[in-house]
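S.K.: Here is the input, now give the coordinates:
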Amino acid sequence: MAVERAVIGTGRGGVVRGLAAAALLAAGPILVVAGCERHDEQPRPAAGNPPAAPATAKEPEFTKVSLDGTTFKLELSLDEQKRFKGLSDRTEIPADGGMLFVFPQPQRLYFVMRDCPIPIDIVFLDGSGRITALHKMAAEAPRGPGEGKPGEVSQIYEDRLKRYSSKYDAQYVIELKGNTLDGLKLKEGQQIKIDAGLKARAR
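M.R.: So this is what the prediction gives:
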């Protein structure tokens, strides 16, 4: 990445990672999300706490997406605070559930499993909904001494997290229960229908 700036990202998805938690760091055209978060290849996340949640928390929004004939009810992640949190700390994801991350612009993304105790499958899509990459993300070992508290950004912790790349510019990221991809016939280049109106709501 070029110049980095703190943004949100999965758990996931900094580079971007998902239930994977989501704490992202954006650097120029490359974005790292943890766990759900965005992250660049050599992340330098800001120390301290993630963006503060709004005073009044809103009820989660959902959208339906069909993958290989199976319909999934995905929780929407449209802003930095939501993308930073992603699916972090969740211990269960419904078989037909997950999360859809939407970014304002297409960019190179990386997700890490920040503070995500269970495995997550991830699908990166470009701005047209075409799959750029698919990964099975394994849960990481819990934070150790000197790696900060869950939810915080620690460079020591960030450096040891495996990064999962979108390979090319992506604008959407789908996170599903671990091993869900085993039963789906998805492949890179495949078109997935996503509500185009979500782009305008991403911030």
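S.K.: Can you tell me how far the residue lying closest to S66 once chain neighbours are set aside is from C116?
M.R.: The shortest distance from S66 to any non-neighbouring residue, by Cβ to Cβ, 6 or more residues apart in numbering, is to K193 (6.6 Å). Glycine gets a C-beta too; all of them are placed from N, C-alpha and C. Using Cβ to Cβ, to the nearest Å, K193 is found at 27 Å from C116.
S.K.: quick one: which of the two has more around it?
M.R.: Between K193 and C116, counted using other Cβ atoms under 10 Å, the more crowded position is C116 (35 against 9).
S.K.: Do a quick rundown of the helices in this protein.
M.R.: 80-85, 155-160, 198-201 (DSSP state H).
S.K.: Point out the most buried one among those.
M.R.: A comparison of the helices of the chain by mean neighbour count, using mean count of other Cβ atoms under 10 Å, puts helix 80-85 on top with a mean of 27.
S.K.: could you say what helices and strands that helix packs with?
M.R.: Packing partners of helix 80-85 (3 or more Cβ pairs under 8 Å, 6 or more residues apart in numbering; DSSP states H and E): strand 21-22, strand 24-27, strand 37-38.
S.K.: ok, 6 Å please
M.R.: Using 3 or more Cβ pairs under 6 Å, 6 or more residues apart in numbering; DSSP states H and E as the contact criterion, the elements in contact with helix 80-85 are strand 21-22.
S.K.: Now do E4, the pLDDT please.
M.R.: pLDDT recorded at E4 is 25.
S.K.: again but with G86, I slipped
M.R.: 87.
S.K.: hmm, back to that, can I get the helices of the chain in JSON lines including distance to M137?
M.R.: Below are the helices of the chain laid out as JSON lines (distance: least, Cβ to Cβ, whole Å):
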{"stretch": "helix 80-85", "distance to M137": "16"}
{"stretch": "helix 155-160", "distance to M137": "15"}
{"stretch": "helix 198-201", "distance to M137": "23"}
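S.K.: With respect to D126, which of the ones you listed lies nearest?
M.R.: Minimum separation from D126 across the helices of the chain (Cβ to Cβ) falls at helix 198-201, 11.7 Å.
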